[in-house]
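K.L.:
what follows is a predicted protein model with its sequence.
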Amino acid sequence: MVYKCKYCKKEFDDYHQVGGHIVSCTLNPKRNEINTKRSITHTKRKICILKCKKCNKKYTAEITDNEYKNNRYNKYCSRLCANSKECTKETRKKISKKLKGRISQKKGMGIKNKLMIETFGNMCHFCNFKPEKKGQYTIIHRKDGKKHKLSGLWNIQDLKNMNPNEYICLCGRCHGGVHWCMKYLGMTWEEIEIKIKNNPVD
């Protein structure tokens, strides 16, 4: 069905479209009046004295008529009141049910680190460096030199889906050297590995 604007006779396929068009149609004699009224109710803010929903304390807020009419404004005097929502026993049960069985962040990190060590090891492939102090670490390098997500951003599912033969564990010094050889000498991983095996890292 075709719908026509009663002012400019423009045709539309949907009555919602024609309804929206009529309001802003340039031939609509009430267009300016409607836009002015809309502007006042939607953008002009005024200071209102309201009562906090939590502590009943009076507070002031700058809101538009439209926000007040549609109940879309802050109903609390402070963030403390807004965050102090009291949970019923039923609500606590629902939250507990949702959280049950989830791995905590600390526990999840432990599982991820353990899986990374099992998959790639924790010792540099070339110089046998192994982190033993806080602040020391190894780096997981992709053998073909292609960019990949940082190992710290991998999740457990990423690790399970990865092919460990495509990656190798390196220390910071060896990792920098490998990338330098790949970038400036155009060497492949296999060529670097043969070169270092013939000239061991001290």
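P.N.:
Perfect, thanks for sending it.
K.L.:
buried residues, stretch 21-29. List them.
P.N.:
Within stretch 21-29, the residues that count as buried by 16 or more other C-beta atoms under 10 Å are His21, Ile22, Cys25, Asn28. Just so you know, the C-beta spots here come from the backbone N, C-alpha and C atoms, and that holds for glycine as well.
K.L.:
skip ahead from the helix or strand of the chain with the lowest mean pLDDT and say which helix or strand is next.
P.N.:
Least confident helix or strand, the chain: helix 31-43 with a mean of 71, by mean pLDDT, DSSP states H and E. For helix 31-43, the following helix or strand on the C-terminal side (DSSP states H and E) is strand 45-51.
K.L.:
that following strand: how far from the chain's middle?
P.N.:
34 Å (C-alpha atoms, centre = their mean, to the nearest Å).
K.L.:
against which helices or strands is it packed?
P.N.:
strand 58-64 (3 or more C-beta pairs under 8 Å, 6 or more residues apart in numbering; DSSP states H and E).
K.L.:
which residues sit against the strand it packs on?
P.N.:
Contacts to strand 58-64, defined as C-beta atoms under 8 Å, 6 or more residues apart in numbering, come from residues 41-52, 73-74, 77-78.
K.L.:
what about those, which one has the most neighbours?
P.N.:
Among these, Cys77 has the most neighbours (other C-beta atoms under 10 Å), with 20 neighbours.
K.L.:
help me confirm that that residue is found in a strand?
P.N.:
No: applying DSSP: H, G, I helix; E, B strand; the rest coil, one finds Cys77 to be coil, outside a strand.
K.L.:
I appreciate the help and will end here.
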